[in-house]
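Undergrad: my questions are about this predicted structure, shown below with the sequence.
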Amino acid sequence: MRKLYLVFSAAFLLLVYKIVFAFFVASLDQYKYEACLALQIVLVLPAIYCMSLFLASCISEEIHTKISSWLSRWRGIVFLMTVSIIAIVLTSFIYHTLFHRSSTAFDLDEIGYIFQAKNFALGRLYSPAPPENIQKFFDTYHVVIHNGKTFGRYPFGHSVILMPGFLIGAVELIFPLIAALNIMLIYYIARELYDRHSAVWSSLLCLFCPYFLCFSSTLLSEGTSLLFFALFLFFFIKFVRNPAGMVYPLLCGLFLGLKFNTRPVSALSICIPCIFFALYLLYREGWRYVKGYVLIVCSFGLMLGLFFLYNYALTGDPLLMPYNMYAPHDRLGFGPEFGGALKEWGIPEGHTLMKGLHAIPGNLLALNQWLGWGFPISLVLAIMLFIRKKRERWDWVFLGTVVSVVMIVVPYWCCIYPVRALGNTTYYFDALLPLCLLSGRGVQISIEEKSTYKKRVFLMFMVLSLCVCLYALRGPLGRVYALTRDYSGMTKAIDEKGIHNALIFVHVEPNNPKGLPLVPYHNSPSFAGDVVYALDLGREENQKIISTYSGRSFYLWNQEHSTLRRYGIH
């Protein structure tokens, strides 16, 4: 009777939630996220708890003992190999079925990384620019044509990691390996600081986190940035525990520098709490750490020098990044000149401190949903240590890192506008590492003193929360699926017709003047491949590029109607 009551209660609460949401919350223009979260806490959370009690009561003590005995043998290298294989399979599956099923970039940022990785694979920093009179045919977002050079607009760190994939013709092998390495490093960091059980929980939370899996299934730089962060943190912890050696501080500075050469602002955000912690150690331990600090600064300085040299080689100014040369408005700061160059996206001019601060609650609520660790209150796990008063000094560093990551993007205008396919939570991705560590430790503390029945309830609650989270994310993921749906026809049509030694004019919709990812994604950096892709600028303008690429056959791809036909030359 009690089991039936639990199921009925859960169903009733979910039904009330759907009714209230459909008739009241869905129609709100302001505070929709806040109202939805409150409704989920009041109705969905008790429903999940009721179902957790029901499922826990269905598992006998004997079954629980057998499962616990089997899991206790699932440790060490066996555990790591298992979760790594699962991560590789999941990220590969998501990549091919969601983000890149159309054989093109789903996010404009990928184009810059891919184009520069192709340059690196050819053994050069940049490719010669096409003749000036035809450059506008290739003037697409995130590919910079400047002073006779063609290159991607982002720092080199992530493109260097992608380069081996283009050398062997299998770039889709790179990011699953990065995802697996990230999970392994989270395990080793948690085991180094806490214990094996906390390490297992931290790595499992990361493995089954939709936030981690989605961003790790793209060619964006978030996964690589997290990898360099994890390596930096791992060797920083090793150095703090053994400051006498030279290897750990040198590697620490090296990977911090690589992270800076991948995502400079996020590197700054993780540095701030570590610098305060380093000063604390200097105050408590005296001069014991000074030699290591000097080595960290030296190795980081080497990577910083590469950053300046890279800028100088591409832009002619060591202090001018290709990123800012291409889009001067796209930088941190407040004022009318920030964020005003993207009017085609409906973005108004100017950014203010209040706008940036006002965006934080909405972005945190979105992050809370994407984590999927205790829907709808995933972030509570991360502060469990502080609630139970079992925090350690490293926990304060991790909490400070989360705060720093959130606050560092307040001056960035883009954090307040929904211009990214996966939402503005992308700017908080580096917070995932400390959140996994804090939450894994929080889970272990929450269950270590509980009875076997309460442990079953807690575990069932975690599993059901993940399921509810995935269901709630069907909307955002569906929008990503729709975004990639229309871009697969061109390459298929070219393959079916056996087209070679050709130039394809890409005619796109009026609201897509830059061609989205079609032109730069498929072109070689030298714009001289077997098939070259160019924007369709009209018959009169197209004659300019036709004369340059004489000897080729010409085709017109109409993106709106998904048709490929011969292009008539007059």
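TA: Sure, I can see it.
Undergrad: how is the protein carved up into domains?
TA: 1-58+448-479, 82-103+172-433, 485-566 (automatic domain parsing).
Undergrad: tell me the most buried of these?
TA: Most buried of the domains of the chain, by mean neighbour count (mean count of other CB atoms under 10 Å): domain 82-103+172-433, with a mean of 19. Using the backbone N, CA and C atoms, a C-beta is placed for each residue, glycine as well.
Undergrad: what's the span of it, first residue to last?
TA: 20 Å (CA to CA, to the nearest Å).
Undergrad: then stretch 145-158?
TA: 20 Å.
Undergrad: that one: how far from the chain's middle?
TA: 21 Å (CA atoms, centre = their mean, to the nearest Å).
Undergrad: any figure for the gap between the closest residue to Tyr293 other than its chain neighbours and Cys298?
TA: Residue nearest to Tyr293 in three dimensions, not counting chain neighbours: Ala278, with 6.4 Å by CB to CB, 6 or more residues apart in numbering. To Cys298, Ala278 is 15 Å away according to CB to CB, to the nearest Å.
Undergrad: likewise His358?
TA: 41 Å.
Undergrad: return the backbone torsion pair for Tyr549.
TA: Torsion angles at Tyr549 (phi, psi; degrees, to the nearest 10) stand at phi -100, psi 40.
Undergrad: isn't it right up against Val532?
TA: Yes. Using CB atoms under 8 Å, Tyr549 is in contact with Val532, at 6.5 Å.
Undergrad: list the residues that contact both of those two?
TA: Between them, Tyr549 and Val532 share these contacting residues under CB atoms under 8 Å, 6 or more residues apart in numbering: Leu503.
Undergrad: how far does stretch 369-383 stretch from one end to the other?
TA: 16 Å.
Undergrad: again with stretch 407-424
TA: 13 Å.
Undergrad: that stretch - what's its average pLDDT?
TA: Throughout stretch 407-424, pLDDT has a mean value of 72.
Undergrad: for stretch 198-214, same thing?
TA: Computed over stretch 198-214, the mean pLDDT rounds to 89.
Undergrad: with just CA atoms, put stretch 241-256 into PDB.
TA: Extracted in PDB, the C-alpha atoms of stretch 241-256 (Å, rounded to 0.1, in the frame of the first residue of the first chain):
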ATOM      1  CA  ARG A 241      52.700  18.800  -1.300                       C
ATOM      2  CA  ASN A 242      56.300  18.500  -2.500                       C
ATOM      3  CA  PRO A 243      57.800  22.000  -3.100                       C
ATOM      4  CA  ALA A 244      61.400  20.800  -3.200                       C
ATOM      5  CA  GLY A 245      61.400  19.400  -6.700                       C
ATOM      6  CA  MET A 246      61.600  21.300 -10.000                       C
ATOM      7  CA  VAL A 247      59.400  19.200 -12.300                       C
ATOM      8  CA  TYR A 248      56.000  19.900 -10.800                       C
ATOM      9  CA  PRO A 249      56.300  23.800 -10.800                       C
ATOM     10  CA  LEU A 250      57.700  23.700 -14.400                       C
ATOM     11  CA  LEU A 251      54.800  21.600 -15.600                       C
ATOM     12  CA  CYS A 252      52.400  23.700 -13.600                       C
ATOM     13  CA  GLY A 253      53.500  26.900 -15.400                       C
ATOM     14  CA  LEU A 254      53.600  25.100 -18.800                       C
ATOM     15  CA  PHE A 255      50.000  24.000 -18.700                       C
ATOM     16  CA  LEU A 256      48.800  27.300 -17.300                       C
END
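Undergrad: mind listing residues that contact it?
TA: Residues contacting stretch 241-256 (CB under 8 Å, 6+ apart): 192, 228, 231-232, 235-236, 238-239, 267, 271, 288-289, 291-293, 295-303.
Undergrad: how about a cut-off of 7 Å?
TA: 228, 231-232, 235-236, 238-239, 267, 288-289, 292, 295-300, 303 (CB atoms under 7 Å, 6 or more residues apart in numbering).
Undergrad: keep only those of the residues you listed that are in strands.
TA: Nothing among the contacts of stretch 241-256 maps onto strands, per DSSP state E.
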